[in-house]
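> dropping a prediction and its sequence here:
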Amino acid sequence: MLIKIPKGTQDILPEDINKWYYIENIIRKILNKYGYKEIRTPIFEHTELFVRGIGESTDIVNKEMFTFPDRKGRSLTLRPEGTASVVRAYLEKRMDRISKVVKLFYFGPMFRCEKPQAGRYRQFNQFGIELVGSQSPVADVEIIAAALEIYETLGLKDLKVLINSVGCKKCRSDYINKLKAFLAKKEDLLCYECKNRIRKNPLRVLDCKNESCQAVLKNAPNIINNLCQECNLHFKSVKSLLDDLKIEYTVDDKLVRGLDYYTKTAFEIVSGELGAQNAIAGGGRYDDLVEELGGKETPAVGFAAGIERMIITMEKQKVSWPKKKDLDVFVVNTNEKDNSLAFILLQKIRKSGLFADLDYSSKSLKSQMRAANKYGAKYTLIIGEEELSRNMVTLRNMETKEQKEIKIDNLIDELST
Ligand code: AMP
């Protein structure tokens, strides 16, 4: 019996890989331009990192982590997101000693044991950026602008920026108390999950999709009206900087996101093309996380973006992809007994910088020519015994069907013109 791919995972096949190269190249180019440097952290970490970083009461930590013991019984977890690992590396490698502000980005697979559906997988790829060491609202807006520049360069259209402020440790706990008191009175009208959330994670009630919960929330205390002066000023500056850059946004006072570490700014970039799973990127400020993971008080801001959802949106919007690079030369060998010279020539062609291949099975001339056609090669190089004895080979232009004999010594020059 064939072994199938695990639920919620996907193969990225050769015919699609150029899309990934293209996207990754643009992301790298733009983020380098903004001064971010790439970091690669392990795919698994000590479970404790995510429990402490993301928060014990979150869905990710409670229900979605792939956690397993190592051979000595220590608990490891496949990373469900990138920020906690980046902050761990920042602290462990003492990056604060290198510069006050550290700007990093990453790519890579993340793992969450969620119920798979369109645009939601158990293994998915994110790119993300983290700007550690600045509390300036400019940092918040810079990362939103960088994300939008990436999307715009890739040709994505009609994206919306939603922003909110979830306050700081101080004003948020006052707000949570008010919200709890309000929700407690309406508990009967809330869905089963939100009844539990009142005690465990009341902010998450705000973004529950259930209609009856949303109806209750219409009169709930508003987080923005309950910010302390500092958070309020910060939020105003973020909005005004977005205005200055002519970045359109919608304030969504119910946007709280699923990770506990956010403070002040929280944002999401959504696409109408994606249905229920409409967020293509999400992030915000996390001024307490560095301290929570054992460092000193250090403000930070970042976001993560799903690459699969980006590709889905690009395909729905019929964004054009760069053309795949065709093969330059396909080498056909008519000497069935000896293909060593064909192979030597093939290597020479490759080393000159051209894309070249041959048919390993050395079948008849006819079937090799068929293979050359299938590969879509620009030229076919035919190596025949009689021509070889004269140090010649035959080059066929597959488009014009013109064929000419050339000297082996002139082959690379001829192909490069
Ligand atoms: P988060 O790390 O939850 O803030 O998510 C950031 C982005 O990652 C989202 O906006 C999505 O684009 C993407 N994402 C999160 N979870 C999944 C998933 N299970 N499958 C596919 N993409 C996801």
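Yep, that arrived.
> from here on, contacts and neighbour counts on C-alpha atoms
Fine.
> beta-bridge partners for the residue nearest to residue 397 when sequence neighbours are not counted, please?
Distances taken as CA to CA, 6 or more residues apart in numbering put residue 379 closest to residue 397, at 4.7 Å, once the chain neighbours are dropped. Beta-bridge pairing for residue 379 (DSSP bridges): residue 329, residue 397.
> wait, residue 379 sits on residue 349?
No - counting by CA atoms under 8 Å, residue 379 stays clear of residue 349, with 11.8 Å between them.
> so is stretch 163-174 next to the ligand?
No - judged by CA under 6 Å from any ligand atom, stretch 163-174 and the ligand are separated, with a smallest distance of 13.4 Å.
> buried set for the longest helix anywhere in the chain?
Longest helix in the chain by number of residues, with DSSP state H as the criterion: helix 14-33. By neighbour count on 16 or more other CA atoms under 10 Å, the buried set for helix 14-33 is 18-19, 23, 26-28, 30-31.
> and those as a markdown table, adding pLDDT?
As requested, these are exported to a markdown table (pLDDT from 0 to 100):
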| residue | pLDDT |
| --- | --- |
| 18 | 92 |
| 19 | 95 |
| 23 | 97 |
| 26 | 97 |
| 27 | 98 |
| 28 | 97 |
| 30 | 98 |
| 31 | 98 |
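> format those residues as TSV; extra columns: distance to the ligand.
TSV is the format used below for the buried residues of helix 14-33 (distance: CA to the nearest ligand atom, whole Å):
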residue	distance to the ligand
18	20
19	17
23	14
26	17
27	15
28	18
30	19
31	17
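> buried residues, stretch 274-288. List them.
Residues of stretch 274-288 classed as buried by neighbour count (16+ other CA under 10 Å): 274, 278-288.
> what of stretch 90-103?
Buried positions in stretch 90-103, judged by neighbour count with 16+ other CA under 10 Å: 90-91, 101-103.
> quick one: which of these sit in strands?
Among these, the ones falling in strands (DSSP state E) are 102-103.
> which residues does residue 404 form beta bridges with?
residue 395.
> hmm, it is touching residue 387, no?
No - using CA under 8 Å, residue 404 is not in contact with residue 387, being 11.5 Å away.
> show me which of these two is the more surrounded one.
Ranked by neighbour count (other CA atoms under 10 Å), residue 404 and residue 387 place residue 387 first, with 16 against 12.
> quick one: contacts for the more buried one?
Residue 387 makes contact with 393-394, according to CA atoms under 8 Å, 6 or more residues apart in numbering.
> ok, for residue 324, nearest residue in space, not its chain neighbours?
residue 18 (6.8 Å).
> how close does residue 226 sit to residue 44?
Separation of residue 226 from residue 44 (CA to CA, to the nearest Å): 38 Å.
> turn the buried residues of stretch 274-288 into TSV, including distance to the ligand and pLDDT.
Converted to TSV, the buried residues of stretch 274-288 look like this (distance: CA to the nearest ligand atom, whole Å; pLDDT from 0 to 100):
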residue	distance to the ligand	pLDDT
274	10	73
278	8	88
279	4	92
280	4	95
281	4	97
282	5	96
283	6	96
284	9	96
285	12	97
286	12	96
287	16	96
288	17	94
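> now those residues as a markdown table including secondary structure and distance to residue 374?
Putting the buried residues of stretch 274-288 into a markdown table (DSSP: H, G, I helix; E, B strand; the rest coil; distance: CA to CA, whole Å) gives the following:
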| residue | secondary structure | distance to residue 374 |
| --- | --- | --- |
| 274 | helix | 36 |
| 278 | coil | 39 |
| 279 | strand | 40 |
| 280 | strand | 37 |
| 281 | strand | 40 |
| 282 | strand | 43 |
| 283 | strand | 46 |
| 284 | strand | 49 |
| 285 | strand | 52 |
| 286 | coil | 53 |
| 287 | coil | 56 |
| 288 | coil | 57 |
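> may I ask which two of those are separated the most?
Spatial extent of the buried residues of stretch 274-288 (CA to CA) is set by the pair 274 and 288 at 32.2 Å.
> re earlier: which residues are common contacts for residue 404 and residue 387?
residue 394.
> quick one: secondary structure of residue 225?
Three-state assignment for residue 225 (DSSP: H, G, I helix; E, B strand; the rest coil): helix.
> any low-confidence regions in this protein?
By pLDDT under 70, the weakly predicted segments of the chain are 362.
> quick one on the thing from earlier: among residue 379 and residue 349, which residue is more densely surrounded?
More crowded of residue 379 and residue 349, by other CA under 10 Å: residue 379, with 24 against 21.
> in contact with residue 278, which residues?
Here residue 278 is in contact with 270-272 (CA under 8 Å, 6+ apart).
> residue 62 now?
Contact analysis of residue 62 by CA under 8 Å, 6+ apart lists residue 56.
> you'd agree it is in a strand?
No - judged by three-state DSSP, residue 62 forms no part of a strand; its state is helix.
> now it: how far from the ligand?
Per CA to the nearest ligand atom, to the nearest Å, residue 62 is found 14 Å from the ligand.
> so the residue nearest to residue 324 touches residue 325, yeah?
No - contact criterion CA under 8 Å: residue 18 and residue 325 do not qualify, at 9.2 Å.
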